[in-house]
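K.L.:
predicted structure and sequence below. I'll ask about it afterward.
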Amino acid sequence: MRSTPITILLANGANKQITMKFLIIKANINQLRIPKMGDISKNFSRSEFACKCNCGFATVDVELLKVLETVRTHFNKPIKINSSCRCDSHNKSVGGSQGSKHKQGIAADIVVKGIKAYEVYLFLDGFMPNNYGIGTYKTFTHIDTRKLKSRWRG
Ligand SMILES: [Zn+2]
Ligand SMILES: [Zn+2]
């Protein structure tokens, strides 16, 4: 509590000094509940898709972005993108396949907070049963927007 003297003008024209008490609330900016907005869609930012080797490859497929927003809305939980864009050398260093869709910037390996990877797989498969590449792994789900359907378990 902080006391601050201020001067007020009374109805009879006289001045009167009173003391106001203010409660100073200290808040850490990180604790304030400001909704996190993405810079390329409601919930996602380009940096989340960038190649992890810092080469600058961060092409984001619009269709992939729409799919991720759909997943975000369905589960109403934050999504962590483990890996999206990969340049050739980064793809090799993480053991990605030669034809990996991550190299085309149309794939993302995602974790939906608090949701089992297989549950995310089932939702994606039900949502887009006739195309896309969808792979279920122990801790994450791969999604890519290829036209021909592909499904696998990693
Ligand atoms: Zn790279
Ligand atoms: Zn992947």
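P.N.:
Great, that's in hand. Ligands and ions are numbered 1, 2, ... in the order given.

K.L.:
correct me, but S3 touches I18?
P.N.:
No - using C-beta atoms under 8 Å, S3 is not in contact with I18; the gap is 10.4 Å. Quick note: C-beta positions are derived from backbone N, CA and C, even for glycine.

K.L.:
for P78, give its distance to F44.
P.N.:
Going from P78 to F44 by C-beta to C-beta, to the nearest Å gives 10 Å.

K.L.:
more neighbours: the two, which one.
P.N.:
Neighbours per residue, other C-beta atoms under 10 Å: of P78 and F44, the larger number sits with F44, 23 against 12.

K.L.:
now do the closest residue to the more buried one other than its chain neighbours: how many residues are near it, please.
P.N.:
In this structure, F44 finds its nearest non-sequential neighbour in G38, 4.0 Å apart by C-beta to C-beta, 6 or more residues apart in numbering. By other C-beta under 10 Å, 16 other residues sit near G38.

K.L.:
before we move on, what about A11?
P.N.:
There are 5 residues near A11, going by other C-beta under 10 Å.

K.L.:
so it, which of the three states?
P.N.:
Three-state assignment for A11 (DSSP: H, G, I helix; E, B strand; the rest coil): coil.

K.L.:
what residues does the chain put near ligand 2?
P.N.:
Contact residues (C-beta under 5 Å from the ion) of the chain with ligand 2: D109, H142.

K.L.:
residue contacts, the closest residue to ligand 2 within the chain?
P.N.:
Of the chain, the residue with the smallest distance to ligand 2, taken as C-beta to the ion, is H142 at 3.5 Å. H142 sits next to A107, A108, D109, I110, G133, I134, G135, T136, G154 when contact means C-beta atoms under 8 Å, 6 or more residues apart in numbering.

K.L.:
now those residues: which count as buried?
P.N.:
Among the contacts of H142, those classed as buried by 16 or more other C-beta atoms under 10 Å are A107, A108, D109, I110, G133, I134, G135, T136.

K.L.:
ok, these vs K116, which is closest?
P.N.:
T136 (9.5 Å; C-beta to C-beta).

K.L.:
next, count neighbours for K138.
P.N.:
Counted with other C-beta under 10 Å, K138 comes out at 9.

K.L.:
surely it touches A117?
P.N.:
Yes - counting by C-beta under 8 Å, K138 does reach A117; the two are 6.7 Å apart.

K.L.:
appreciated, that's everything.
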